[in-house]
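> only geometry, no sequence info:
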Ligand SMILES: Nc1ncnc2c1ncn2[C@@H]1O[C@H](COP(=O)(O)OP(=O)(O)O)[C@@H](O)[C@H]1O
Ligand SMILES: [Mg+2]
C-alpha cells in the first residue's frame, strides 16, 4: 500500500495531476451535454483504471435508459435541461466565476455570517481552493499515525485502488436511480476515507481540511469505510451559502460500517436558490454497528435527499436526524429510509422541516422490515413548522413490515407559530420578530444540539437571516 | 406602600369582545404601587379575558383606556407594555419547546431592562431567585413549560415576576393547582414583589391564597363586571356565602 503522502507530496501530486505546467490541460473542461465521448474524456483525463472507465460507460447507458422519478416535484424535475450542463470542469477552471457575478444576497449573507475573505471566494466559486494548511497539517499528521486514509476520491482511487474497487458502488449501484447513474458516469471529487480496525478518529473529519482538492464538485462521490470497531465522524458542507453557476448537484455518498463500527455523517448545506440538489446517501451497518446521518438542508431550488441505512447485521442501529428549511419558491423533498434485514436491529428517524412563504417541504420515508428480522424497533417522528399562510408541507411515510415481532412508532405533527406562544413571549417584552425567531430556533434545537459548537452557532445565525421579514 | 395620587395602573370603561360576544362589560380599576387587589369571581365570568385583554392579546377587541404609570398604553402591543413595566402571569402558560427557561428569561430580562445583561451576572441572579422559590437549578436548562406540571408552570410564572420586576402585574389564578407547600412559595414571591412596590391584581376564585397574601382591596367579578368592591373581609364573606347572594347586584349592572 502506498504510504499516506505528506503535505508536500500532495502539493506535488496535485501539480502532476492537474498539470499547471501544461497550459492546454490547464483549461480543460468538457463541452456541454452528456455523451460517451464526454465520459471517455473524463476517465482518460483522470487516467483511471479500465474497470472504472467501463463502470462509467455502463452507468451512462443506465442513466440514458432510466426515466425521471415519477414522484417528488415532477414539475420542477422536468425543468432540468441535461443538455445545458457542463459535466466536468477541472478544479483550476472553476475560477471562471468572477466576484461581480455572485448575487448580492449571497454576498450579503457572507457578510452577515462573517465568513473570511479567502473562504468567501472559494464558496462563491470565485477561487477553486481554500487552503488552511496549518489546521490541515496537524490533522494530517495525527491521521497518518493512526493509519487513517483521508483523500479526495480521485486520489483514493489512484492510491488505494484495491480498497476502492472492493467497495465502490457496492452500497449504491449505478442503477439505483437516475441520479445515482448520472453521478456514476461523471463523478469527480468527494472524499475517500478508510478507518482501520478499532481506531477512533478523535476530531470530526471535514473536507475543509483537504487542501487543493475538488471538494465542491457537482458530482461528488464519497466513500467511507469504518473497519471493525472503528469510529469516525465526517462533516460535509458549511452554513455559508454555496453559490454556483452550475445548477445541478448530484452526489453519491456510500458508508460502510463494519462489525461494531460507528459512523456519523453530518451535513449542513446551504445552496443558492438556483440549485437542484439530488443526492443519494446510503449506509450499510453490519453487526452491532451504528450509523447516524445528521442532515441539514437549507436553500436550493429543489432538494431530493433520503439518507438510508441498511441494517444488515444483528443489533445494528441506524439513525437519521434531519432538518430542512424551505424558503419562498423552494422545495425540500427530504426524508429517510431504513431497511431492517437482521433481527434486533433498531432505527430512528427524526425529520423536522420549516416552510416559509411559498416554501414547500415534504417528508418521504420508507421503513422496511424483512420477514425473519424479529425483535426490531423503529420510530419515525416528523415535525413540520409552517410560517405564513402559503407555506406547505406533506408527509409520505411508507412502512413495509413483513415481520410480526416488531415495534413501530410513528408520529407526525404540523404546527404553526402559535398566536398563544407569540403572545406569551411578547408579554415578556420580547419583540415580535425576536419571538418568532425564538420559536423557530426552539423547533430546530434537537438538531442543533447534535452539531459541533461552531456549526450550531452558525446555523442559528443563518436561520436568523432566513427568518428576516417573515412576519405573518 | 404609596397612597399618593400616582397610581401605577388604572383602567376605565374597559369592554372586551371576543368575536360578537361581549365578555367584559365595563371595568374600572385603580392600583397604587405595592398595592394588592384580588379579583374573585366564578368560572367563566370573564376574568382571564380581562387579564389577557389588558395585556394586549391581539385576538381581543378592547375598548376603554389603560394607563400605566401615568401614560396611556391602551393601544400599545403587549411587548411594548411589558417593556414599560407591565406583566401578566398566565392561567395556562404555553410551552415553547427547545427554548430553555434560562435563555428565554435572559431575552426577556434584556428586553425589559433595555440592555443585554452579562451572562454571569444573569446566571447568578437567576439562581438566587430560583433558590428563593425552592426550585431545582436544573430547571433553568429545561425547555420553557414543556412537560411541566401545573405547579411547576406556576412557579416559573412567579420566577419571571421576580426577575422582571414589573411596576404592575396581573396574576391570573397563579394559585390554582398548587399543593400547600407550593402555594406558600408562590405567596412568598407575591409578597416579595409587593414589597418591591409592584402593584398587583390577583385573579383567583379561592380564598386559599388569601391566607398567605393579604390584599388591600377585594373585587367581586361576575358576568363581565366588578359587582362589589371591599376590603379583605369581603373575601371571607365570599368564602362563607358563595357568589349567589350577589347575583341581583350583577343583574343590576354593578356596585
Ligand atoms: N378565545 C375565546 N373564544 C371564544 N370564547 C371565549 C374565548 N375565551 C373565553 N371565551 C369565553 O368567554 C367567557 C369568559 O371566559 P374567561 O375569561 O376564561 O373566564 P374566567 O377566567 O373568569 O373563568 C367564557 O364564556 C368563555 O367561554
Ligand atoms: Mg380564567
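That came in fine, so what should we check first? Please read all numbers here as calculations on a predicted model, not as lab measurements. Numbers count the residues shown, from 1 in each chain, chains lettered A, B, ... in the order given. Ligands and ions are numbered 1, 2, ... in the order given.
> Identify the residues contacting residue A:358.
A:328, A:329, A:390, A:391, A:392 (CB atoms under 8 Å, 6 or more residues apart in numbering or on different chains). Bear in mind the C-beta positions are built from the backbone N, C-alpha and C, glycine included.
> make it 7 Å
A:328, A:329, A:390 (CB atoms under 7 Å, 6 or more residues apart in numbering or on different chains).
> out of those residues, which one sits closest to chain B?
residue A:390 (20.8 Å; CB to the nearest CB).
> quick one: the closest one from residue A:359, how far?
8 Å (CB to CB, to the nearest Å).
> More neighbours: those two, which one.
Legend: neighbour count by other CB atoms under 10 Å in any protein chain shown for residue A:390 and residue A:359, higher for residue A:359 (25 against 14).
> Please list all residues in contact with residue B:220.
Contacts of residue B:220 (CB under 7 Å, 6+ apart): B:40, B:41, B:226, B:227, B:228, B:234, B:238, B:246.
> Tell me if it really is in a strand.
Yes: judged by DSSP: H, G, I helix; E, B strand; the rest coil, residue B:220 forms part of a strand.
> Excluding chain neighbours, what is closest to it?
residue B:228 (4.3 Å; CB to CB, 6 or more residues apart in numbering or on different chains).
> re earlier: and the contacts of residue B:220 as JSON lines, adding distance to ligand 2, secondary structure and neighbour count?
Converted to JSON lines, the contacts of residue B:220 look like this (distance: CB to the ion, whole Å; DSSP: H, G, I helix; E, B strand; the rest coil; neighbours: other CB atoms under 10 Å in any protein chain shown):
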{"residue": "B:40", "distance to ligand 2": "12", "secondary structure": "strand", "neighbour count": "25"}
{"residue": "B:41", "distance to ligand 2": "9", "secondary structure": "coil", "neighbour count": "25"}
{"residue": "B:226", "distance to ligand 2": "15", "secondary structure": "strand", "neighbour count": "19"}
{"residue": "B:227", "distance to ligand 2": "17", "secondary structure": "strand", "neighbour count": "23"}
{"residue": "B:228", "distance to ligand 2": "19", "secondary structure": "strand", "neighbour count": "19"}
{"residue": "B:234", "distance to ligand 2": "20", "secondary structure": "helix", "neighbour count": "18"}
{"residue": "B:238", "distance to ligand 2": "17", "secondary structure": "helix", "neighbour count": "23"}
{"residue": "B:246", "distance to ligand 2": "18", "secondary structure": "helix", "neighbour count": "18"}
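> Any residues of chain A in contact with chain B? List them.
Residues of chain A lying close to chain B (CB under 7 Å from any CB of the partner chain) are A:418-421, A:423-432, A:434, A:438-439, A:441-443, A:445-446.
> Are any of the residues you listed buried, and if so which?
Buried members of the residues of chain A next to chain B, counted by 16 or more other CB atoms under 10 Å in any protein chain shown: A:421, A:423-431, A:434, A:438-439, A:441-443, A:445-446.
> Which of the contacts of residue A:358 sits closest to residue A:251?
Nearest to residue A:251 among the contacts of residue A:358: residue A:329, at 22.7 Å, using CB to CB.
> isn't there a helix covering that closest one?
No: Residue A:329 is assigned coil when assessed by three-state DSSP, not a helix.
> Just want the phi and psi numbers for it.
phi 80, psi 0 (degrees, to the nearest 10).
> What separation is there between it and ligand 1?
35 Å (CB to the nearest ligand atom, to the nearest Å).
> and what of residue A:317?
With CB to the nearest ligand atom as the criterion, residue A:317 and ligand 1 are 46 Å apart.
> That residue: what's it in contact with?
A:290, A:345, A:346, A:347.
> got the residues you listed as CSV, with secondary structure columns?
Converted to CSV, the contacts of residue A:317 look like this (three-state DSSP):
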residue, secondary structure
A:290, strand
A:345, coil
A:346, strand
A:347, strand
